[in-house]
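> could you work out the structure for the sequence below:
(one chain, ligands or ions: 1)
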Amino acid sequence: MANDRLHNVESMLNQVNITKLQKRMRTQFIGKTMFFSRKVSSTNDRAKQLAVQGVPAGTVVIAATQTHGRGRLDRKWISPVGGLWFSVILKPEGSVSKISHLTFVTSLAVAECLKDLYGLKVETKWPNDVLVKGRKICGILGETSSTEEKATFVILGVGVNVNFDTEKTFPEPIRLTTTSVEKELGHKVKLETLLKALLEKFERTLGLCLNQGFKSVLSEWKKYAFFLGNEVEVVDRISTISGTASDIAEDGALVLRSKDGSLRHIFAGDLFLRISENPR
Ligand code: BTN
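Predicted coordinates:
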């Protein structure tokens with residue numbers, strides 16, 4: 001089984017195949033430069049090092065496994081062989097420079113790819129998760145390195161649970177709140193095909209944001225946001241706020257309606273559906 005997994009990843013994502021993948025990929029700038037490692041601490045950290053060294057915007061850093069994968073709010077991100085762990089380096093300007101906008105662009109691209117390629121019934125969850133049947137299948141970590149007001153570069157780290165069974169691989173409690181492509185489909189898929197589709201879709205969605213504005217991205221994203229209109233709790237390090245998830249504002253904030261009808265804009269935290277047993 002372990003050998004099988006290793007074989008899959010190595011044969012699909014080795015240096016040679018990355019060259020082939022680049023030839024087949026229909027993108028203008030995303031993935032024109034790619035780095036693949038069998039093992040890194042975190043693709044976001046490796047991408048930051050490379051960005052400082054001056055690699056071009058659109059560079060993609062992929063790893064078969066991460067020893068210190070990171071999630072939002074400094075959480076550990078378990079990254080076994082069989083997942084798709086990668087980071088994209090951007091040097092955004094103007095209207096797409098907001099990191100929150102870019103994370104919405106990314107989660108929309110992931111959601112649409114998983115739906116189009118595998119027919120999965122995907123959901124987007126604020127701030128930037130992708131779920132299937134209420135369980136997390138993908139997380140996105142946007143990080144920026146900035147001088148004063150201006151971001152010099154943005155790293156978008158994407159983790160998709162693909163060719164492993166989350167219930168067998170992850171410890172409790174996260175094995176109960178996560179899923180993977182393999183778990184949903186009952187078989188493994190080609191990581192290379194998913195990566196190609198994701199990067200192409202990402203570039204197109206980025207283009208939509210640039211040409212038609214973040215509003216267009218948000219209105220697509222909201223089509224998958226089934227939590228909207230529901231009673232939710234948003235938990236951050238110091239407090240829990242409840243209300244109805246009424247909208248996503250144009251700056252990416254969650255708009256929460258309290259019982260008295262007042263609206264609050266929430267910028268960070270974890271969202272839980274109040275009626276659900278599972279954290280969403
Ligand atoms: C989250 O949901 O908390 C975000 C998870 C992001 C995980 C990805 S995997 C590739 C990249 N490298 C990291 O260390 N994290 C991101």
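> quick one, what contacts the most centrally placed residue in the chain?
Nearest to the mean C-alpha position of the chain, counting by C-alpha atoms, centre = their mean, stands residue 140 at 3.0 Å. Going by C-beta atoms under 8 Å, 6 or more residues apart in numbering, residue 140 touches 103, 106-107, 110, 128-129, 156-159. No exception for glycine: its C-beta is placed from N, CA and C like everyone else's.
> and it, how close does it get to the ligand?
6 Å (C-beta to the nearest ligand atom, to the nearest Å).
> give me the below-cutoff pLDDT ranges for the stretch 51-200 of the chain.
Across the stretch 51-200 of the chain, the ranges flagged by pLDDT under 70 are 94-97, 146-151.
> go ahead and confirm residue 31 touches residue 19.
No: using C-beta atoms under 8 Å, residue 31 is not in contact with residue 19, being 11.4 Å away.
> those two: which has the busier surroundings?
Per other C-beta atoms under 10 Å, whichever of residue 31 and residue 19 has more neighbours is residue 31, with 24 against 10.
> where does the closest residue to residue 264 other than its chain neighbours land in three-state SS?
Once flanking residues are discounted, residue 264 sits nearest to residue 256: 4.8 Å by C-beta to C-beta, 6 or more residues apart in numbering. Classification of residue 256 by DSSP: H, G, I helix; E, B strand; the rest coil places it in strand.
> from residue 102, how far off is residue 256?
As judged by C-beta to C-beta, to the nearest Å, residue 256 and residue 102 stand 23 Å apart.
> and these two? Which one has more around it.
Neighbours were counted for residue 256 and for residue 102 using other C-beta under 10 Å; residue 102 has more, 29 against 21.
> quick one: residues contacting the more buried one.
90, 92, 96, 142, 154, 156, 206.
> rerun that using 6 Å as the cut-off
Listed by C-beta atoms under 6 Å, 6 or more residues apart in numbering, the contact set of residue 102 reads 142, 154, 156.
> with residue 241 instead?
residue 234.
> just say helix, strand or coil for it.
Going by three-state DSSP: residue 241 is strand.
> that one pairs with what?
Residue 241 forms beta bridges with residue 234, as assigned by DSSP bridges.
> if I look at it, how far off is residue 139?
Counting by C-beta to C-beta, the gap from residue 241 to residue 139 is 22 Å.
> can you give me the strands for the stretch 1-150 of the chain?
34-40, 60-66, 84-90, 122-125, 129-132, 135-147, 150-160 (DSSP state E, counting those that start in this stretch).
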